[in-house]
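Enquirer: following is a predicted model, sequence given first.
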Amino acid sequence: MKALILASLLGVPALAAMPGIALAQEETFSCKAAPAPVVDLEYGSRYTDDSKTRSDIDAESNAAVDEALKPVEKFINDLSKMANAAYLGKDQARVDCVTDWLFTWAEAGALKDLKTVNVQLSTPARFAGFALALLQADAAGTPDPAKRETIVAWLKALGEPMTAFFDEEAPTNASRNNLRAWAGLAAAAIGVAAQDEKLVAWGEDSIEMIICDADADGSLPLEMGRAERALNYQLHAVAPLVVASDLLAGQGFDGYAVCEGKLRQIVEFSWKAAKDPSLVEAINGKQQTFAKGEQKLEPFMMAWAEPYLAHVEDPELDAFVAPLREMSHSKLGGNMTEMQGWTATLSAPT
């Protein structure tokens with residue numbers, strides 16, 4: 001139970017820890033009807049009201065958040081698996097199905113009605129999952145142009161209020177921590193799909209801001225302030241930083257060069273702390289949940305290592321994640337072991 005709660009704290013309920021993709025194609029692929037769209041979301045915080053570090057879990061509220069998100073998580077999980085199969089197999093039938101699913105949610109205005117601050121903080125990772133699935137469909141075949149236009153308009157209608165919220169309304173720490181990193185990935189992915197320069201630029205600025213906020217050792221100070229769960233949130237933050245940097249490379253943004261190459265320091269600190277959580281305890285004085293035996297390192301937590309290793313040679317990191325393969329994260333684009341550095345192969349928009 002503790003492992004499930006801790007996974008959900010990272011915005012990745014158990015559904016997001018995707019199994020490996022079966023690349024063998026069925027004799028006849030049949031596109032199922034899209035799940036019913038979720039138009040509005042309403043839930044509170046996962047944490048107790050008096051938690052100054054935002055690390056003390058309210059079990060009842062945490063369960064309520066997971067329950068509210070369950071249909072969204074299932075949609076993204078199934079969508080990303082289908083998008084991965086489309087991309088890896090260059091399968092137009094699956095491209096059409098990914099398009100149909102997204103079109104169904106777009107026509108319904110899914111997730112446009114976000115009723116609480118906590119919902120607004122946590123949904124950007126889901127927006128990223130939608131946009132990355134569309135980009136995979138684009139790379140795999142030819143989505144229906146009219147349906148794609150509707151999908152892109154919907155994604156922009158999600159992304160534009162998101163950027164305003166993080167700039168103007170989000171709590172101070174949330175506007176600069178792992179949540180902003182996920183918003184940066186969402187803006188980048190939507191911006192690339194929509195060929196929207198403002199969203200791309202906002203994504204670039206957000207990713208650069210988080211990278212540059214890192215301390216010299218690669219630790220992220222706002223995540224280190226999360227007491228015994230600091231390592232959870234360090235790992236949660238590095239994921240969108242890596243994937244967004246790959247995605248934005250086609251736009252002329254070099255995430256590995258900003259602030260004198262701090263992203264590599266962030267990556268190195270993150271995986272070494274995952275191997276030895278005492279590195280975090282030495283910074284914030286709190287024994288981490290991993291060290292307490294309350295949590296184990298799950299494959300989805302390290303899925304970002306695959307795109308990183310696709311263009312940075314690091315035998316030690318490669319050996320560390322080998323037992324975790326295959327590694328999947330639906331909001332990073334799915335099965336990252338199979339997909340590896342696919343985002344870095346996308347060309348700049350025309």
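Expert: Sure thing, it's come through. Residues are numbered from 1 along each chain as shown.
Enquirer: just the strands in the stretch 251-350 of the chain please.
Expert: Under the criterion DSSP state E, counting those that start in this stretch, the stretch 251-350 of the chain contains strands at 328-329, 334-335.
Enquirer: likewise the chain?
Expert: Under the criterion DSSP state E, the chain contains strands at 40-41, 113-114, 328-329, 334-335.
Enquirer: the first one pairs with which strands, and in what direction?
Expert: Here strand 40-41 is paired, per DSSP bridges, with strand 113-114 (parallel).
Enquirer: do me a favour and average the pLDDT over the strand it pairs with.
Expert: Mean per-residue pLDDT for strand 113-114: 97.
Enquirer: just stretch 214-225 next, same as before
Expert: Mean pLDDT, computed over stretch 214-225, is 98.
Enquirer: same check on stretch 174-191?
Expert: So the average pLDDT for stretch 174-191 ends up being 98.
Enquirer: how about that stretch as PDB, C-alpha atoms only?
Expert: Provided in PDB are the C-alpha atoms of stretch 174-191 (Å, rounded to 0.1, in the frame of the first residue of the first chain):
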ATOM      1  CA  ALA A 174       5.100  25.200  -7.200                       C
ATOM      2  CA  SER A 175       5.800  27.900  -9.800                       C
ATOM      3  CA  ARG A 176       9.500  26.800  -9.800                       C
ATOM      4  CA  ASN A 177       9.600  23.100  -8.700                       C
ATOM      5  CA  ASN A 178       8.900  19.800 -10.300                       C
ATOM      6  CA  LEU A 179       5.400  20.900 -11.200                       C
ATOM      7  CA  ARG A 180       6.700  23.700 -13.300                       C
ATOM      8  CA  ALA A 181       9.100  21.300 -15.000                       C
ATOM      9  CA  TRP A 182       6.100  19.100 -16.000                       C
ATOM     10  CA  ALA A 183       4.300  22.200 -17.200                       C
ATOM     11  CA  GLY A 184       7.400  23.100 -19.200                       C
ATOM     12  CA  LEU A 185       7.300  19.700 -20.900                       C
ATOM     13  CA  ALA A 186       3.600  20.100 -21.600                       C
ATOM     14  CA  ALA A 187       4.000  23.500 -23.200                       C
ATOM     15  CA  ALA A 188       6.900  22.300 -25.200                       C
ATOM     16  CA  ALA A 189       5.000  19.200 -26.500                       C
ATOM     17  CA  ILE A 190       1.900  21.200 -27.300                       C
ATOM     18  CA  GLY A 191       3.900  24.000 -28.800                       C
END
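Enquirer: now the strands of the chain as JSON lines including distance to residue 102 and mean neighbour count?
Expert: From N, CA and C alone the C-beta is placed, and that goes for glycine too. Shown next, in JSON lines, are the strands of the chain (distance: least, CB to CB, whole Å; neighbours: other CB atoms under 10 Å):
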{"stretch": "strand 40-41", "distance to residue 102": "18", "mean neighbour count": "18"}
{"stretch": "strand 113-114", "distance to residue 102": "18", "mean neighbour count": "16"}
{"stretch": "strand 328-329", "distance to residue 102": "19", "mean neighbour count": "27"}
{"stretch": "strand 334-335", "distance to residue 102": "14", "mean neighbour count": "28"}
